[in-house]
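Engineer: next come a sequence and a model predicted from it.
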Amino acid sequence: MNKLGICSWTLGISDIKVLMEKVKTLGLDGVQFSEDWRDYNAKEVRAAADLFDLEIFAIDPFNCEPPEPENANVSSAIEFYKNVIDFAVETNTPWVTLQGLPKWTNNCNTRQECWEMLVHCCKTLDAYAQLKKVKIAYECVNRYESSMIHTSEKANQLIAAVGHRNFGLILDSFHMHIEESDPAEALKNSKDILFSYHISDSNRSGIGRGQVDFVKHHSVLEDIGFEGPVMIEVVLPELVPRSTPKNDLERERLDEEIRRSVRVWRNLKEKEYFKEI
């Protein structure tokens, strides 16, 4: 059975011990650390995860905009993500995500220049990550949240251009619903490079609250022998797409939606499809 984790940003908890305790009480195996890594001590992050017997599946720098967009360039982008890779080493985390790199291409003059910069940065960071024994991953993000790499086809092209098996792909049910003509085919075609799968329905809510065919997604993942971690990335309907709970009632509702989605996903293994809905 695939391990289940959560993208930490959805919980809106900054205290690292409180965050890890919440992940544990939600019945999850670990976390994709989607915080501003600059605000944390790596040793304290690792210690908090160990305290609650949790894995850190990935370092996902959620706040990855260049501090001075007008000065963003290849060197500053590479320097930022090398620091993220170093943070992953210090926290004993297996991979980092690079889908924030397009934010650093805003001074490129053409789409071709953006693409060339992205490929160059990924190649350089892939080499650095190999030296550090860390893998890199790219998540396909929809057009409203990123200027580049919206589909698995384009991500496969990027990974092929980088040319190393150290570089993998993350596919998200929410983003695929917007961008992929056939999400199931996208999963199949990414069989050999798929690192992780993210769960959120077409409206960013929990399983069964929107239009994503999770039964089909689950079946395809089983068929291709996917063994990577599955991340829950659920937001309350009134807070979509990226707002976090602001009060106790919202936190309780989000907790229950996460737990319900976890039960449904695990029940799919037994073919008890939407029994919990």
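Structural biologist: The structure has been received and is ready for your questions. Note that the structure is predicted; figures quoted are calculated from it, not measured. Residues are numbered from 1 along each chain as shown.

Engineer: contact partners for Val240?
Structural biologist: If you count contacts by C-beta atoms under 8 Å, 6 or more residues apart in numbering, Val240 has them with Asn203, Arg204, Ser205. (C-beta placed from N, C-alpha, C; glycine too.)

Engineer: equivalent analysis for Phe87, please.
Structural biologist: Trp37, Ala42, Ile59, Thr93.

Engineer: ok, Ile59 - contacts?
Structural biologist: Contacts for Ile59 (C-beta under 8 Å, 6+ apart) come out as Phe33, Trp37, Val84, Phe87, Ala88, Thr91, Thr93, Trp95, Val96, Thr97.

Engineer: possible to save these as TSV with pLDDT, secondary structure and distance to Glu55?
Structural biologist: Compiled in TSV, those are given as follows (pLDDT from 0 to 100; DSSP: H, G, I helix; E, B strand; the rest coil; distance: C-beta to C-beta, whole Å):
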residue	pLDDT	secondary structure	distance to Glu55
Phe33	98	strand	10
Trp37	95	helix	17
Val84	98	helix	18
Phe87	98	helix	16
Ala88	98	helix	13
Thr91	98	coil	11
Thr93	98	coil	9
Trp95	97	strand	12
Val96	98	strand	15
Thr97	98	strand	16
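
Engineer: ok, so of those, who is nearest Leu254?
Structural biologist: Phe33 (18.3 Å; C-beta to C-beta).

Engineer: bridging residues for that closest one?
Structural biologist: Ile59 (DSSP bridges).

Engineer: how far away is it from Asp50?
Structural biologist: Taking C-beta to C-beta, to the nearest Å as the measure, Phe33 falls 14 Å from Asp50.

Engineer: neighbour-wise, which of those two wins?
Structural biologist: Taking neighbours as other C-beta atoms under 10 Å, Phe33 and Asp50 compare with Phe33 leading, 29 against 13.

Engineer: that one touches Ala48, doesn't it?
Structural biologist: No. Counting by C-beta atoms under 8 Å, Phe33 stays clear of Ala48, with 10.4 Å between them.
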